[in-house]
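**Student:** Predicted model and sequence follow; I will ask about them next.
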Amino acid sequence: MRLSRYFLPILKETPKEAEIVSHRLMLRAGMIRQESAGIYAWLPLGLRVLQKICAIVREEQNRAGAIELLMPTLQSADLWRESGRYDDYGKEMLRIRDRHERDILYGPTNEEMITEIFRASVRSYKDLPLNLYHIQWKFRDEVRPRFGVMRSREFLMKDAYSFDLDQAGARHSYNKMITAYLRTFKRLGLTAIPMMADTGPIGGDLSHEFIILASTGESEVFCHKDYLGFETPPETIDFDDPAAMQAVFDKWTSLYAATSEKHDAAAFAALPEEARVSARGIEVGHIFYFGTKYSAPMKAVVNGPDGKETAVHMGSYGIGPSRLAAALIEANHDEAGPIWPDAVAPFRVGLINLKVGDAACDGASARIHRALEAAGVDVLYDDRDERPGAKFAAMDLVGAPHQVIVGPKSLAEGKVELKIRRSGERELLGVEAAIDRLG
Ligand code: ATP
Ligand code: MG
Ligand code: MG
Ligand code: MG
């Protein structure tokens, strides 16, 4: 991508309304733009990050056996009357009336709708287990939308819903999602710890929030330090092996970890002092097992092996990709901008031509640009006629983890400069060697 032809509305001034670094940088880098309170447009650079996050989330959901579908954002109020949540949900729900005076709502979550989809076609225990998910916009009329897309009113959620014949099956489904989540966050370059959590309006009695530690987090959390060094389940783990899944659950719940709502001060105080982590955290995912809370009132039943009808046991599993985009910046940045992990970088390589119009610089830059794009690398090529300082600043703000700097001096010796954004390390390499290194 040539920067001269891209849409990258970088802000010169630091926006005053932004209180935390991720919000500031997302606005400055032209990743997002607020359209009204808590409602954001994702500009091209931001959208690239969001899509890369979703791709990893999707891969790990699929690996765990979940199946993707897409439910609408608008839902009928009648569905929510069936579960009893229409009145309970309160002011966070955006309620709308259509031209026929029918009550509809912009979905804050989808337990009711997925239960309706399930009950319409599944009749037998032989069709279980089933886990269905989508990645769809949600709306919650948050009292205090803030921190940009970290707490917005419209936000993206991956929500999965599992259906099992009994509690044992449902626990296996829950364990699979824990495993998938650990892998997802690890691939995003984050350390997320599952912590015992409250179930809120979703309900149920078993629940974990996935928390990443960050000083700007809105949750107060307590956990054992050793979680920070735990190993993540490998790609080869067998999701269909209940014992293997149970082992992941056991390991990741073996030590103390709780959000403030579930905090047990005495149990925490019993840990050795150096093992106690008491910190702020960002909730990036939340999983629930709630048995028959929705299936019983909504009559989502199957015929069991004994021929009797039973309400299915359900769980739901959320991840916030739009919040994650901000959380990733909270965890990876410096004064100059975000430092994206390769897996989610909007562009993996930033190519800077320091002397546009110079035949040698133009030629070498074009050669690198073409070769890397042909190799499938996302490259942002700064081909604008701008001062070097402005180009360096723009590329740091974009956050490309690898930068290639093409300038007349080095090029006279056949070299270009490679810079690693995270460490600041620089190295001179030949043009072809640079292509080989990054391709
Ligand atoms: P919070 O405690 O931050 O209000 P929640 O517990 O209400 O979140 P859940 O119902 O558990 O949220 O939703 C699942 C996931 O959706 C959350 O873990 C989070 O990643 C994301 N999410 C929830 N609310 C928002 C929001 N207002 N803006 C961005 N992401 C959100
Ligand atoms: Mg909430
Ligand atoms: Mg919460
Ligand atoms: Mg939650």
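**Tutor:** Nice, thanks for sending it over. Ligands and ions are numbered 1, 2, ... in the order given.
**Student:** From ligand 1, how far off is Val404?
**Tutor:** 35 Å (Cβ to the nearest ligand atom, to the nearest Å). For every residue, glycine as well, the C-beta is placed using N, CA and C.
**Student:** quick one, phi/psi of the closest residue to that residue other than its chain neighbours?
**Tutor:** With Cβ to Cβ, 6 or more residues apart in numbering as the criterion, Val404 has its nearest non-adjacent residue at 4.8 Å, and that residue is Leu351. Torsion angles at Leu351 (phi, psi; degrees, to the nearest 10) stand at phi -110, psi 120.
**Student:** you'd agree Leu351 is up against Asp378?
**Tutor:** No. Using Cβ atoms under 8 Å as the test, Leu351 is too far from Asp378 to be in contact (11.0 Å).
**Student:** Kindly give the local confidence score, pLDDT, for the closest residue to ligand 1 within the stretch 51-200 of the chain.
**Tutor:** Closest residue of the stretch 51-200 of the chain to ligand 1, Cβ to the nearest ligand atom: Phe155 (3.5 Å). For Phe155, the pLDDT comes out at 98.
**Student:** if we can go back for a sec, Leu351 and Asp378: which is more packed in?
**Tutor:** Leu351 (29 against 16; other Cβ atoms under 10 Å).
**Student:** any idea whether Thr14 is helix, strand or coil?
**Tutor:** At Thr14 the chain is in coil, as set by DSSP: H, G, I helix; E, B strand; the rest coil.
**Student:** In this structure it contacts Ala29, no?
**Tutor:** No. Using Cβ under 8 Å, Thr14 is not in contact with Ala29, being 11.7 Å away.
**Student:** For these two, indicate the residue with more neighbours.
**Tutor:** A count of neighbours by other Cβ under 10 Å puts Ala29 above the other of Thr14 and Ala29, at 25 against 10.
**Student:** Tell me where the stretch 151-300 of the chain has helices.
**Tutor:** Taking DSSP state H, counting those that start in this stretch as the criterion, the stretch 151-300 of the chain carries its helices at 167-187, 242-252, 265-269.
**Student:** Spatially central residue in the chain, please.
**Tutor:** In the chain, the residue lying closest to the centroid (Cα atoms, centre = their mean) is Pro321, at 3.0 Å.
**Student:** Next up, phi/psi of that one, please.
**Tutor:** phi -60, psi -40.
**Student:** quick one: it and Thr109, what's the gap?
**Tutor:** Plainly put, Pro321 is 15 Å away from Thr109 if you go by Cβ to Cβ, to the nearest Å.
**Student:** Pick out the residue of this protein closest to ligand 1.
**Tutor:** Gly320 (2.5 Å).
**Student:** where does this protein come near ligand 1, residue by residue?
**Tutor:** Within the chain, the positions adjacent to ligand 1 are 109, 140, 142, 151-152, 155, 157, 200, 283-286, 318, 320, 322-323 by Cβ under 6 Å from any ligand atom.
**Student:** So which of these is the closest to Gln34?
**Tutor:** For the residues of the chain next to ligand 1, the closest approach to Gln34 (Cβ to Cβ) belongs to Ser152, at 8.8 Å.
**Student:** wouldn't that closest one be in contact with Ile39 here?
**Tutor:** Yes. Taking contacts as Cβ under 8 Å, Ser152 lies within contact range of Ile39: 6.8 Å.
**Student:** quick one: which of these two has more around it?
**Tutor:** Set Ser152 next to Ile39 and count neighbours by other Cβ under 10 Å: Ser152 wins out with 25 against 13.
**Student:** Who are the contact partners of Gly350?
**Tutor:** 379-380, 382, 395, 398, 400, 402-404 (Cβ atoms under 8 Å, 6 or more residues apart in numbering).
**Student:** just checking, which of the residues you listed belong to strands?
**Tutor:** 379-380, 382, 402-404 (DSSP state E).
**Student:** Asp78: which of those is nearest?
**Tutor:** The nearest one, if we look at the ones in strands among the contacts of Gly350 relative to Asp78 and count by Cβ to Cβ, is Leu380, at 48.5 Å.
**Student:** Give me the pLDDT value at that closest one.
**Tutor:** Looking at Leu380, its pLDDT reads 98.
**Student:** Report the beta-bridge partners for it.
**Tutor:** Gly350 (DSSP bridges).
**Student:** Distance of Gly439 relative to Gly414?
**Tutor:** Taking Cβ to Cβ, one finds Gly439 at 18 Å from Gly414.
**Student:** so where do the helices sit in the stretch 1-150 of the chain?
**Tutor:** Under DSSP H, counting those that start in this stretch, the stretch 1-150 of the chain gives helices at 21-28, 44-63, 77-83, 85-88, 111-121.
**Student:** highest average neighbour count across those helices?
**Tutor:** helix 21-28 (a mean of 22; mean count of other Cβ atoms under 10 Å).
**Student:** helices and strands around it, which ones?
**Tutor:** Applying 3 or more Cβ pairs under 8 Å, 6 or more residues apart in numbering; DSSP states H and E, one finds that helix 21-28 contacts helix 321-331, strand 333-334, strand 337-338.
**Student:** redo that, cut-off 7 Å
**Tutor:** helix 321-331 (3 or more Cβ pairs under 7 Å, 6 or more residues apart in numbering; DSSP states H and E).
**Student:** in the sheet, who's paired with the closest residue to Leu255 other than its chain neighbours?
**Tutor:** Excluding the flanking residues, the one nearest Leu255 by Cβ to Cβ, 6+ apart is His224, at 3.7 Å. Beta-bridge partners for His224, by DSSP bridges, are Arg276.
**Student:** Count residues in the vicinity of His224, would you?
**Tutor:** 18.
**Student:** Hmm, it is touching Glu274, no?
**Tutor:** No. Counting by Cβ atoms under 7 Å, His224 stays clear of Glu274, with 10.5 Å between them.
**Student:** The residue nearest to Leu411 when sequence neighbours are not counted and Gln136, how far apart?
**Tutor:** Nearest non-adjacent residue to Leu411, counting by Cβ to Cβ, 6+ apart: Ala360, 5.3 Å away. Distance of Ala360 to Gln136, given as Cβ to Cβ: 50 Å.
**Student:** Those two: who's more crowded?
**Tutor:** Neighbour tally, Ala360 and Gln136, criterion other Cβ under 10 Å: the higher count belongs to Gln136, 16 against 13.
**Student:** check contacts around Ala336.
**Tutor:** 393, 396-397 (Cβ atoms under 7 Å, 6 or more residues apart in numbering).
**Student:** can you pull the pLDDT of it?
**Tutor:** 95.
**Student:** Are any of the contacts of Gly350 buried, and if so which?
**Tutor:** Using 16 or more other Cβ atoms under 10 Å as the burial test, those include 379-380, 382, 395, 398, 400, 402-404 as buried.
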